[in-house]
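Student: model this:
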Amino acid sequence: MQGKVVAITGASAGIGAAAAQVFAAAGAKVALLSRDAGRIAALAGKTGGIALPCDVADAAAVRAAIGHIAAHLGRLDVLVNNAGVIEPIAPLADADPEDWGRAIDVNLKGVFYGMQAAIPVMRAQGAGTILTISSGAASTPYEGWSAYCAAKAGAAMLTRAVHLEEAAAGIRAIGLSPGTVRTEMQVKIKASGINPVSQLDPEVHIPPEWPARALLWLAGPGGDAWLGQEVRLRDEAIRRAAGLIA
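Tutor: Residues are numbered from 1 along each chain as shown. Just a heads-up that it's a prediction; the model follows:
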């Protein structure tokens, strides 16, 4: 990662913040994107990166952020599409349409906006990696999560689409399904009391550093076997390959 430039959405907390620290420790220049300007500014101070306040649901804001990165850092080697929301947690029939739509705006359209903004920069370089945080919800429905499941399923298909369309241009696209991770999202899920995930013992959740380290692994040669696919961090073989377990 020495000399590489990495952009991470949803970088203010959880997997995004952990990834910022992991990539920075590996020598990358990290651009932190989030709506929480204060948090990413503090994290940028620790990692030596740059903070770019940005709502991924705003296509123009995402284009501007990626444009700023390319103009001021000279390139973009890795985009981590991490920003996501779990709300609304409600039966489909009862979900507020505006809240449901906002989840799609962030979890699906936000991924599309990031990919679309990054691809021209990566094409011009002849290389680049787009990593998107996926979920078991991309393939398994969960009660109360219709928006989240639908968006994650769509985002998984976007990864496949980028691989199909851009692999010849040197662009690598991979999805990472981390399983349940000890983040603020899990606190909200637990409080909802809806579906089996909310009933899990918090002790079973993995630390955010694990998916962060897996992202670093996928950004390198370790990801070459998974281009256009989803990597499931629940798989012990994957954890071992990523260096998370012996």
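Student: for the longest helix seen in the chain, packing partners?
Tutor: Selection of the longest helix in the chain by residue count, based on DSSP state H, yields helix 146-166. Contacts defined by 3 or more C-beta pairs under 8 Å, 6 or more residues apart in numbering; DSSP states H and E place helix 146-166 against helix 97-104, helix 110-125, strand 128-133, strand 171-177. (C-beta placed from N, C-alpha, C; glycine too.)
Student: that helix to strand 171-177, inter-axis angle?
Tutor: 150 degrees (axes from the mean of the first three to the mean of the last three C-alpha atoms, to 10 degrees).
Student: report the buried residues of helix 146-166.
Tutor: 146-156, 158-159, 162-163, 166 (16 or more other C-beta atoms under 10 Å).
Student: now swap in stretch 46-58 and tell me
Tutor: 47, 49-58.
Student: just the CA trace of that stretch, in CSV.
Tutor: Output of stretch 46-58 as CSV, limited to C-alpha atoms (Å, rounded to 0.1, in the frame of the first residue of the first chain):
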residue,chain,number,x,y,z
LYS,A,46,-4.5,10.2,13.6
THR,A,47,-4.0,8.5,10.3
GLY,A,48,-2.4,11.3,8.3
GLY,A,49,-5.3,11.2,5.8
ILE,A,50,-7.8,13.7,4.6
ALA,A,51,-11.4,14.2,5.7
LEU,A,52,-14.1,14.8,3.1
PRO,A,53,-17.6,15.4,4.5
CYS,A,54,-19.9,13.6,2.1
ASP,A,55,-23.3,12.1,2.0
VAL,A,56,-23.1,9.1,-0.3
ALA,A,57,-26.8,9.4,-1.1
ASP,A,58,-25.9,12.6,-3.0
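Student: which residues are contacting it?
Tutor: 9-10, 20-21, 24, 29-37, 40-41, 43-44, 61-62, 64-65, 68-69, 72-73, 83, 102, 105-106, 109-111, 113-114 (C-beta atoms under 8 Å, 6 or more residues apart in numbering).
Student: neighbours of Ala191, just the number please.
Tutor: When neighbours are defined as other C-beta atoms under 10 Å, Ala191 has 10 of them.
Student: in which helix or strand would I find it?
Tutor: Assessed by DSSP states H and E, Ala191 sits inside helix 184-192.
Student: I'm done for today, thanks for sticking with me.
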